[in-house]
Structure formats: structure tokens, C-alpha cells
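K.L.:
Mind looking at a prediction? Sequence and model below.
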Amino acid sequence: MKAAAFAYARATSVVNALELLAVHGDKAKVLSGGQSLMPAMNLRLLSPEILVDIGGLAELRGIAMRGDVLVVGALTRHVDLLRSPEIALNAPLLRDAVSHVAHPAIRNRGTIGGSLAHADPASELPACVVALDATIVARGPTGERRIAATEFFKGIYETALSPDELLVAIEVPVIGQGSTFFFQEYARRHGDYAVVGLAARAVVAAGRFSDLRLGFFAVGDRPLLAAAAGKLINASVNPGLLAEAATALTNELDPQEDQQATAAMRRHLATVLFRRCVAALLARPELEMGVAK
Amino acid sequence: MSAPVSVSLLVNGEPIDAFVLPRLNLADFLRENLKLTGTHVGCEHGVCGACTVRVDGEIVRSCLMLTVQAQGALVETIEGVSDSGEIADLQVAFRERNALQCGYCTPGMLITAQDLLKHSPAPDRQAIREHLSGNYCRCTGYQAIVDAVEATAKTRAERGT
Amino acid sequence: MTVTHPPAETLSVLDRPNSYIGKTVPRPNLDRLLQGRGQYVSDLELPRMAHVVFLRSPHAHARIAAIDADTARRMSGVIAIVTGRELEAVITPWVGVLSHLKGLKSAPQHAIAVDRVCWQGEAVAAIVAISRAAAEDAMEHIAVDYEELAAVTDMRTALDPATPVIHASLGDNLAFERTLDAGDVDHALSESEVVEAEFVFGRHTGVTLEPRAVVADWNAAEARLTIYQGTQAPHMVQNIAALHLGLREAQVRVVCKDVGGSFGIKVHIYADEMATYALSKLLRRPVKFVADRIESFNTDIHARDHRCRGRICVRPDGTITAFEIDDLTGIGPYSMYPRTSAIEANQVVNLVGGPYVTPNYRARARVVFQNKNVMCQYRAVGHPIACSVTEGLVDLAAAKIGMDPAEIRRRNLIADDAYPCASPSGMKFEQLSHHSSLAKLLQMMDYDALRAEQAALRAQNVYRGIGIASFIEVTNPSAAFYGVGGAKISSQDGVAVRLDAQGSVICQTSITEQGQGSEALTAQIVGSMLGVSMDRVRVTLGDTDNTPYGGGTWASRGAGIGGEAALQAAKALRRNILDVAAAILQSTPAGLDIVDNRIVNAADSVSRIELSELARIVYFRPDTLPPGIRPELMATRHFVPRQYPFAFTNGVQASWLEVDNETGFVTLLKHWVVEDCGTIINPQLVDEQIRGGVVQGLGAALFEKCIYDERGQLTNANMADYLVPMSGEMPDIEIGHVVSPTQESELGAKGAGEAGTAGAAAAVANAVNDALRPFGATITEIPLTPQVILTSLGRI
């Protein structure tokens, strides 16, 4: 199985990449790390006429604090997220998530921009940016626009990007003190896509959540920011309330069935993950006990 | 449209200039154009790890990288790291522990193991298993490979390298 | 290591220098593989070589109304596009039956489908081009007009009158049926507790890391076909290629260098490989076929798709009084050639209840056709099914009467001093060691301490389980396996050994190497018997022009059969060498010995002459030899077991694991195996065969399954969706041995290649059920996915 023939253009700048995309429209595909695109092309599931390779664009690299916003360039690779001191300090959720993404050889090529633009509902980073309340920066022929992560994902492999736009950066607000994170996923094997996963950011004070953002993934056609989390904010969390919130969670999920799990199983695992997450964030192991149903 | 593209790269230290079709992936380029058949092809969709090589010092799946993306890069294959002696001790450990049977996964396994030992000189068994978890071996059941990597880490620590 | 029999007298010669038997020595061929210098078929390029890609049916069952390849033929790089009808002129069809499997039937199968396709993935046309990519480009432009036919997919309804018959000429969809009734099962049923369950096994496949690969090179000037192929049985391939291409065997040479994994996948004759041979002959140039991963999933043989209803009868004191099974399996649309697809079910009937004393056993096995990929022999053929059913039932019986799983086995396993004996299915056992094996296993795992730990953890809401599985394994098959049924599959192997002009040894063997260590064990045996150091022994294998005739490496036969041939050949050469030495040294053969590459006095070990010097004299100065001496520094011997149809081995495995009862995820913590394969030639190689085999069984237990939809579409034909075991989830595996050599050979070695796979899944399934016992859940289905476990727990 060999990829079908295509033309190749090595973009020399973001502007050049945008020009190429404007010329070729949806016949072009942007090549970043290629770790999702290449398998699909090798299998001839995708046969773009031209690849626009943005891999050499230094302007899309780098991780930097700008005020209280952490700016992550689109070409930042998974391995960069894993090793970056800025990420470890300001957005450790991304680091924790990346260790679940595939395997080292994939993480050395795969980029955050590529992962978000690919919008696989089972992948980790989309859920993280939703949980982190991040903003996606896109540049197109008419200039730059900022899209809230919660508005960015539109469906399976669908985003708010138009074919002539390029995802250039991710902006992550840094809350600083009091924020804690939780990342866990259930995958059949190390590095597999999750059956169900959860990326969470919380602010805990005096044993209560003053903020709780739960980004579930692999539970629907896009990452889900769970509204059920609201029930636990500024409330005294007890098993009863947790059970009530878990029920609310299952009602807002619309999971797909696939070979790994039925929709019912995904709902069940989401509630288990939900309870384990709350117990971990509040450091109250007793909340983990007791099966949801 | 899909005309050959010129590409220049270093393969195992040797400068290579070539004209390749954009669709030619790095694994096929190494095997078919350069006859470096130690890089194996097992799945061509990035799952099995048999085609693992090093590009600019970092391991990648050569089936998931176009040759044209390797413009200006240093590519190292099993032939290169064998001839340089870089992994001689790891290869001895694999031989002594019979950490290979059919040998088809072995080049990718060795390159991945060497990558681990470079970044983490004293990994525990679970860390070894996790780092190798993207490299499929149907023959050994993995334990012998984990043993060989663990043993190499220990010898290197004792040697202080 | 426990030795139940002292080593045979004849092996005492081995307690000396150059005694490699029983020792861990590295395999001589490893450096090549470690440095990326292996020579796999997928690496091979020949001048003028073309590449073939097969257009494969997207339908499980369809009539081919028309094939339009005009556009594709005109495309750049295309050499030929060949349909089944066109290829028929070059290669004849085949039928995969064996006469000793009474009633087994199948339909003629073509190298490329003619008029009709019977499974999704069957080849419809061959596209030969200058590169694989060019052939794939052209393939997209071939238009096939299919008329879809009703597909038979569910084995449970394949025999229903309302179900269409796949091959009208056969009358129905029943390929094979076997029944057996031994002892008095009805009486046992009437007087015992009866436990019943249906065991369900996922269809899975071998996933060799190097896909099937062949280069066929028809040299029209020589009228000779050279087949470079990753195969386990070169002479079988030679015979069949010649037969169907209308050639004499001497016109076909099969060369098999390094093989990237086999496990039984590469011991069959595949239609696309046959088509590749034929295309080379048709196009008069070398043609290469390397299956891609998707083709591998759709066309490499599948295995283990069984539903087996089982019953066990047990008395309150733990005595097992009977086993009864009703096994059903669907094998795809054809019985595979030439080994047939009835062997697996036949083995299930042969093996259920095998480790246990009870004489009462009733069995039925039915093998049905369906429109899915073909099933056939894969590592540990039938054993995992028989073992899972037997051991699952034994654990259910133990639970029913409240007895410890180890104890019920102790009370029912055949006693170690009861041999020779036979099973109710007629299997003859020479010498097994179930009790010593079980005792050793329990000691290795510290069974009582583990049970205590399990109990303590349960109090903390942690659910761990212990599962035990005893097993027997068929190894060293005689002609009883295939030859008696009419297949040209040799059960004997040959080894030729010669001394070269510098005193080194060249050894040619008919067994093959796919990583098991065939080359190493042959060199170990030859070096040991000759008194030559291993670095002076070079082994050649995998070439029908350059090795004696023989079966190859499959069915755990390489060491036991090929090893014995090597031993006898080396002994014969040793006698020849000593005859010459005695003449040169004016001594007697009995007064001399060979140690460390030189002739010594048998009595005082004083060195007399180097082997290199002896060879120099023989080859270059025969004029100096005494008159009448005719040195013969080459010897050939063949071996086949005659007394026992199979050399049965035995063993026992245990699994220790944890089940997250809220998520259904299983964590394997540890696995133990005690195995008795007779004489151990190389302990490390045996242990690694077992470990690799265990992990294949663990994959079956937890992960692997070919998932077909109701229309016969394989829906997970890629490595992202078909889950193979990877290093992250696999446990460390501890191995122990009991040694009961077979007396049928001087070497005493039985096979070890399939033992790990035979019992691993059964041990895991029993462990999962042990962990879930507090919840009252019992699962008799593999793979044990989180979905299956959560469903069983009533969580979803």
C-alpha cells in the first residue's frame, strides 16, 4: 500500500503557505508532522492533489509566556510539550496528556497544531485545550482570528478552520496558584486511542471547587466540556451530590459505538472517570468508592 | 504536478542527493533507492515500529515521513549505528539474551531502545516496556528484550558512559 | 530442573568438551539480524523483477459479471493485468482434502477467482507493474462488475436449510464432522454433578511482522522456476508448485532465507503465492509479491473461531467422571491447501480432557463453510481451544463442589507412573509428568502465599485472580498427521554433515529457520556429537537444491525430528572420521576419540592429530593413505518417528492478574509455566519459545479478534484496530522444566514451540473468573475485553 501520487510544495513562510492554500483550496492538505495524515495517505483513504509542507516554518515553533497567556506554536511537537519547562510549570495538563499519545517515535513528529486541526474526537490534546479554556489562533487570507477552543471542534475531523486557513498557535490562559489538573484515560494498550478519557483543570480552595473544567474525549463527535461539572462548583461534594452530577453527565454524553466499546460502556466509564477525577482533585479517596449504579 | 523533487540529506554520514517522487516515503527510499534493507516495513501505517530510524538524532517512523521531508536532515539507520559501534553493547546484550527470534523487529527495537537509554540511562522495567510499547514483536514475548535493555543500562552505568 | 528419567546411556558421550546439548549458547546467525543484514524475501531484488498487486473482492460473496481493465492496462508502468480465467491456462486449481479425515470435502480453488468470489479479500485480478506503487495506481482504474450474492457468515446457521449453500456441488455447507464416544458418559451424567458452559473463541490471525512474501523467477532458458519464499516447508512448496504448474519437482527450486515470523501462517499454500509463481511463468520474468498489512489481515489464514459447548461431570470428592463437548467452527469458503482446515477441530476432539484420568468422553465437532477468510493451522493448532474448554470446565467443577483448583487437578491428572497409556480419544502417551509439573508450578508461584495475598487484597476492594491450566501438546508428528491422508508433506527430515578441507563442518538440514533457533540447535548437536567446536560448524537450510529432503519446521518438530537426524548424521560422520584416523595413526577407531577439533587417544586423551590435518591428508594427499582406505567424510541420515504417531508433551501454566471491576480492564501481573519437552538442547531457546508462545496466547486472551460484520466484511483489518500484544501490557513470565525424554530417539527431544500458546489463554480466563468470583460472574469467552467483563458484571 503506497500513497497515491501528489504534488509537494515546501512552504517558505506562513504567507506563502496561505497563498498555496488559496490557490489549491480543498485539493490541498497541510502537512505538519504527518502522523495522522501519512497513515491515511498510505492506506489511500486520503489522496490530496498537493501537500503544503509547513514543517520548516520556524515562525510556528516555540513555547513562550506572554503576560498571563502561554503561547504554543502550532508546530510544537508532542515531545516538545513533554520536555518543556514552561509547559511543566504553567500547563502540566498538556505534559501529562502527551505521555498517553501514541509512542515516542510518533511524538517526535506529531505537532499540537496538527493534532488540533485533525480533530480526532478520541485524541487527547483537543480535550486538553477545551479543559484549559485555550484559544486557537488561525491565520487566513484576511488576517488572524481567535477561536475559543470550545467553539473550535465541530465534529469528527471537523473544525472551525476553513480550507484557506492555517492554525498558527494556541493560547493557554495561566491561572497560576490554586489550579490543579487531572488527566486519565482508559485505553486498551499503552499509546492506543482512548476508549474514554478526561482532561481536567480545577481550582480548589478549602476543599471546594471554585472552578472545574472537565474535558472528556472519545465520548462523542468532539471533545466535551462537561456542564455537569457546574453542580460541584462552590458546593460541598458528598457521594450523593457526586452521584447526581454523574447522572447529569451521562445525560449530556452522546458517545459513539465502536469496536472497543458500546455507547453504554462509554457512559459508564465516563462516570467512573468522573468520580475518580473528583476524588483525586479533592484528595478524598473515599469518593472513588461505590459503583455509580 | 507530482514531478520528482530534489532532496539532499545525510544518510549514516554519507551525503545523498536524489530526485524522488513526493509520495516516496523515507522507509522505501532507504530500502529501495539506497538498498539499506535493515530498515523494515511491517505495517506502513505507523503502528508496528519496524521502520524506526533516527532523523536528526530522534527516532521516527520512516513509513510516516516523506523522503522530501528529510531535506537537509541526518538520517541514521541500523546499518549506520551498527557500523559506528554506537550500539555494539546493546547488540551483544540482545545476542546473549536471545532477545530476537526472526529478527524482523530487531533493527527498530534496537534503535528505540538506544533512544531510551540516551534519554533515561537507568530506566526500570516498566519504563523500558513503555518506551518499547510502539514496537511490535510477535516472537519473543518482549521479556528477553526488556532484560537485554535493562542489562545494557546497568553495564553502561558501571562503565560510566 | 527435575529429571524424571536419567539421560539415556548413549548420551553420556555428551559430558565432555564441545558438549553443547543442554547448554545455553548464542545462536550463530544473530549478528546478521542484529546489524540489519538479514536477507528477507521482502528485501530481495532481481534483474527485470516486476511487482504484482492483487485487486481483491470488496464483497464476501459475489458473481464476477465483468472485469474492465482497459484503462489500467494503458497506464504507465503496467506490464500486465491478468484475470483468473487467463491464469487458468498456466496453473491448475486445487482441493484441500485429506483422505484420513473421513468425509472432509471442499471445492476447487483457483489462484485467482474465476467467475465468483467467496470472501472479502479473494484476488480477482493481478496487476503486474514496474513498482508496487504503479500497480496500485492502475488497480484503482479496473472496473469490476459484481453481482452480490447472499453471504453465509454465521457458523451457527450455516447448516440451516434456509441458508444458501456456498458450493452447490458439495450439497451443503458441512465441510467435516467427527464424533467420538468413549467409555460411558451417560452413566457419568446420571451419577455426578454436571456443569455446562459454552466457550466462545474469537477468530484471530498470526500477524507475522514481515508479511507473506515471495519472488518467483521463471527462467525460460533453463525451464526452471526458482521460488524465493518465506516458508516453513520448502519441499512442500516445491511439490505443490510443480504439481499445479505442470513441472517436474526438479524444475522447481525453493529458497528460503530469513523469514520475518511464521507461527504456522507461512506453512500453507496461498492462492496469491500460487498466482505469483504462475505469473512469473506466464511473463517469463521475476515477479515479486509482498502482502501489505491490509492484505495480510484479509488473506493470511485465520484460526480459532470456535463455539464449543462443554460439560463436565464431577463427584463431590472431586473425581471428574466425564467430559463432553459439541464444537462448531466456521473455516471460510474453502478447506486450505494442502493441510486442510479440518485439523483444528479434529485436534479439539483429540485433546479435550487429555491431561485427566477419566475414560468417559463424548465429542462432536462440526466444521462449516462460510464467506469469510479461510481458517487453518496456526501455532498450537486446536490446543488453546481444547485447553480452554477443558480447564475452564475443571475450574467450574471445582467451584461447584467448593474445591481448590489446584486440588481438583491433583486428584484427576494422570499419575506420572501410569505411562505408557492412552487417552479416551486414542492419543498414545509415552511419558508425561503432570503431577511433578503441577507441584513445581505451585512451588514456583508460592501458591499458598498468593492465595493469602489475594484474600487480603479483596478486603481492600482489589480483585486479583489466579488461574491454572494443565495441557498436553502434540509434537514430533509422524506420517499420521498428513502423509497417511495423501498429502505430499514429509514427516521425516534429513541432515547431511561433511568435514571440509580445513576441518570445519558443513551441515545441511531440511528443517527451516524462522527464529526458533533451528540453525543453533543443529550446530549444537553436530558439534557435540563430532567433538567439534560450534564456531566450526556451519549450517545450511532453506534451499531445496542444497538440503536433504524433509518436512521443515512446523508442529513443534524441528528439534525432535531434525535434531535427531543431525545427531545420527554426526555420529555416522564421526565413525567415518575415526576409521580414517585409525588408518593414519595405526590405531583402532575404538581407541580414538574426537575432542576439541582433534583426534585424541580415547584412553588418556593425548592429542594425536588435528581434524584439519586429517582433512588435508584425505583431500589433498590421499596417496599417503594406507591401501584400501576409502575415506567418506560426509554422512547423511534421515529420521522419522515410527513408534508413536506424536510425541506428546505436557505442562501447566498459571496466571496472576488484577481486574478493575469498575472499568473491566485487566492487568496481567505475572505468568508461570512448567513444561516438559524431554531433552532440552538449549535451555534459553526453549524458554524463549515458551515465552513467545505464552504472549501469543495472552494476546488471544485479552486483545486479538478479527471482527466481521454480518455481511462478511472484516472491519478491523489494520494494526490500529486489530490489537496485538505489545510490551507495555505483557507480564514477566517465569519458566520451569520437568524432563521426560522420549525413548523414540537417541536425542530424546520433544517439541516446545507451541506449549506456551496452548495454555496461556486458559490460565488467564480462569484467573479472570477467579477474580470475579465474589461478583458471581463467569465468563467463557475470549478475548476478555473490558466490554465483555463489564457486561458480565452487570455494570453496563
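P.N.:
Good, I have the coordinates. Numbering: from 1, shown residues only, chains lettered A, B, ... in the order given.
K.L.:
Does anything pack onto the strand or helix carrying residue A:114? Which helices or strands?
P.N.:
Here residue A:114 sits within helix A:112-118, counting by DSSP states H and E. The criterion is 3 or more CB pairs under 8 Å, 6 or more residues apart in numbering or on different chains; DSSP states H and E, and the helices and strands that helix A:112-118 contacts are helix A:78-83, helix A:124-131, strand A:166-173. Backbone N, C-alpha and C define where each C-beta goes, glycine included.
K.L.:
Pick the most buried one from these.
P.N.:
helix A:124-131 (a mean of 30; mean count of other CB atoms under 10 Å in any protein chain shown).
K.L.:
Could I get the CA-only coordinates of it as PDB?
P.N.:
Extracted C-alpha coordinates of helix A:124-131, given in PDB (Å, rounded to 0.1, in the frame of the first residue of the first chain):
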ATOM      1  CA  GLU A 124      -6.000  13.900  23.900                       C
ATOM      2  CA  LEU A 125      -4.900  17.400  23.100                       C
ATOM      3  CA  PRO A 126      -8.300  18.700  21.800                       C
ATOM      4  CA  ALA A 127      -9.800  17.800  25.200                       C
ATOM      5  CA  CYS A 128      -6.900  19.500  27.000                       C
ATOM      6  CA  VAL A 129      -7.300  22.800  25.200                       C
ATOM      7  CA  VAL A 130     -11.000  22.700  25.900                       C
ATOM      8  CA  ALA A 131     -10.400  22.000  29.600                       C
END
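K.L.:
Go through the helix or strand containing residue C:399 and flag the buried ones.
P.N.:
Taking DSSP H and E as the definition, residue C:399 sits inside helix C:383-401. By neighbour count, and taking 16 or more other CB atoms under 10 Å in any protein chain shown as the criterion, the buried residues in helix C:383-401 are C:383-399, C:401.
K.L.:
host element of residue A:274?
P.N.:
If you go by DSSP H and E, residue A:274 is part of helix A:263-281.
K.L.:
helices or strands up against the helix or strand harbouring residue C:756?
P.N.:
With secondary structure defined by DSSP H and E, residue C:756 is part of helix C:755-772. Packing partners of helix C:755-772 (3+ CB pairs under 8 Å, 6+ apart): helix C:383-401, strand C:463-475, strand C:647-659, strand C:666-676, helix C:683-702, strand C:781-782, helix C:786-792.
K.L.:
out of those, nearest to residue B:52?
P.N.:
Ranking those by their distance to residue B:52 (criterion: CB to CB) puts helix C:683-702 first, at 20.4 Å.
K.L.:
Would you mind getting the angle between the following helix or strand past the closest one and strand C:647-659?
P.N.:
Once the chain leaves helix C:683-702, the next helix or strand it forms, by DSSP H and E, is strand C:733-739. Here strand C:733-739 runs at an angle of 150 degrees relative to strand C:647-659 (axes from the mean of the first three to the mean of the last three CA atoms, to 10 degrees).
K.L.:
Neighbouring strands of strand C:733-739 in the sheet, and parallel or not?
P.N.:
Each strand paired with strand C:733-739, and its direction, by DSSP bridges: strand C:2-3 (parallel), strand C:666-676 (parallel).
K.L.:
residues contacting residue 130?
P.N.:
Using chain A. Applying CB atoms under 8 Å, 6 or more residues apart in numbering or on different chains, one finds that residue A:130 lies in contact with A:149-150, A:153, A:199, A:213, A:215, A:223-225.
K.L.:
my bad, the chain I had in mind was chain C
P.N.:
Contact criterion CB under 8 Å, 6+ apart gives C:50-51, C:77, C:79 as the residues in contact with residue C:130.
K.L.:
neighbours around the residue of chain C found nearest chain A, how many?
P.N.:
Ranking the residues of chain C by distance to chain A (CB to the nearest CB) places residue C:728 first, at 3.3 Å. When counting by other CB atoms under 10 Å in any protein chain shown, one arrives at 20 neighbours for residue C:728.
K.L.:
gap between it and residue C:52?
P.N.:
Taking CB to CB, to the nearest Å as the measure, residue C:728 falls 37 Å from residue C:52.
K.L.:
likewise residue B:64?
P.N.:
If you go by CB to CB, the gap between residue B:64 and residue C:52 works out to 26 Å.
K.L.:
just how off-centre is the helix holding residue C:756 within its chain?
P.N.:
Put simply, helix C:755-772 sits 20 Å off its chain's centre (CA atoms, centre = their mean, to the nearest Å).
K.L.:
That helix vs strand C:666-676, what angle?
P.N.:
130 degrees.
K.L.:
Helices along the stretch 101-250 of chain C, start to end?
P.N.:
Counting by DSSP state H, counting those that start in this stretch, the stretch 101-250 of chain C has helices at residues C:132-139, C:185-191, C:234-245.
K.L.:
Run a quick neighbour tally on whatever residue of chain B ends up closest to chain C.
P.N.:
Among the residues of chain B, residue B:38 lies nearest to chain C; the distance is 1.9 Å by CB to the nearest CB. Taking other CB under 10 Å as the criterion, the count of residues near residue B:38 is 27.
K.L.:
got the phi/psi numbers for whatever residue of chain B ends up closest to chain A?
P.N.:
Chain A sits closest to residue B:134 of chain B, with a gap of 2.7 Å, by CB to the nearest CB. Phi and psi for residue B:134, reported as degrees, to the nearest 10, are phi -100, psi 10.
K.L.:
Residue A:33 versus that one, what's the distance?
P.N.:
15 Å.
K.L.:
One more: residue C:717?
P.N.:
The separation that residue C:717 has from residue A:33, given CB to CB, amounts to 25 Å.
K.L.:
of the two, who's got more company?
P.N.:
For residue C:717 against residue A:33, the residue with the higher neighbour count under other CB under 10 Å is residue A:33, and the figures read 27 against 21.
K.L.:
Just confirm residue A:71 is within a strand.
P.N.:
Yes. Secondary structure of residue A:71, determined by DSSP: H, G, I helix; E, B strand; the rest coil: located in a strand.
K.L.:
Give the bridge partners for it, please.
P.N.:
Going by DSSP bridges, residue A:71 is paired in beta bridges with residue A:64, residue A:171.
K.L.:
circling back: tabulate the helices and strands packed on helix C:755-772 in a markdown table, adding columns for mean pLDDT.
P.N.:
A markdown table is the format used below for these (pLDDT from 0 to 100):
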| stretch | mean pLDDT |
| --- | --- |
| helix C:383-401 | 98 |
| strand C:463-475 | 98 |
| strand C:647-659 | 98 |
| strand C:666-676 | 98 |
| helix C:683-702 | 98 |
| strand C:781-782 | 98 |
| helix C:786-792 | 98 |
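K.L.:
do you know which of the ones you listed lies nearest residue A:14?
P.N.:
Go through the helices and strands packed on helix C:755-772 one by one with CB to CB and the one that ends up closest to residue A:14 is helix C:786-792, at 43.9 Å.
K.L.:
what about residue B:86, neighbour count?
P.N.:
Residues near residue B:86, counting by other CB under 10 Å, number 14.
K.L.:
count of residues packed around the residue nearest to it when sequence neighbours are not counted?
P.N.:
The shortest distance from residue B:86 to any non-neighbouring residue, by CB to CB, 6 or more residues apart in numbering or on different chains, is to residue B:114 (7.1 Å). A count of nearby residues for residue B:114, using other CB under 10 Å, gives 21.
K.L.:
how near is residue B:114 to residue B:121?
P.N.:
With distances taken as CB to CB, residue B:114 is found 12 Å from residue B:121.
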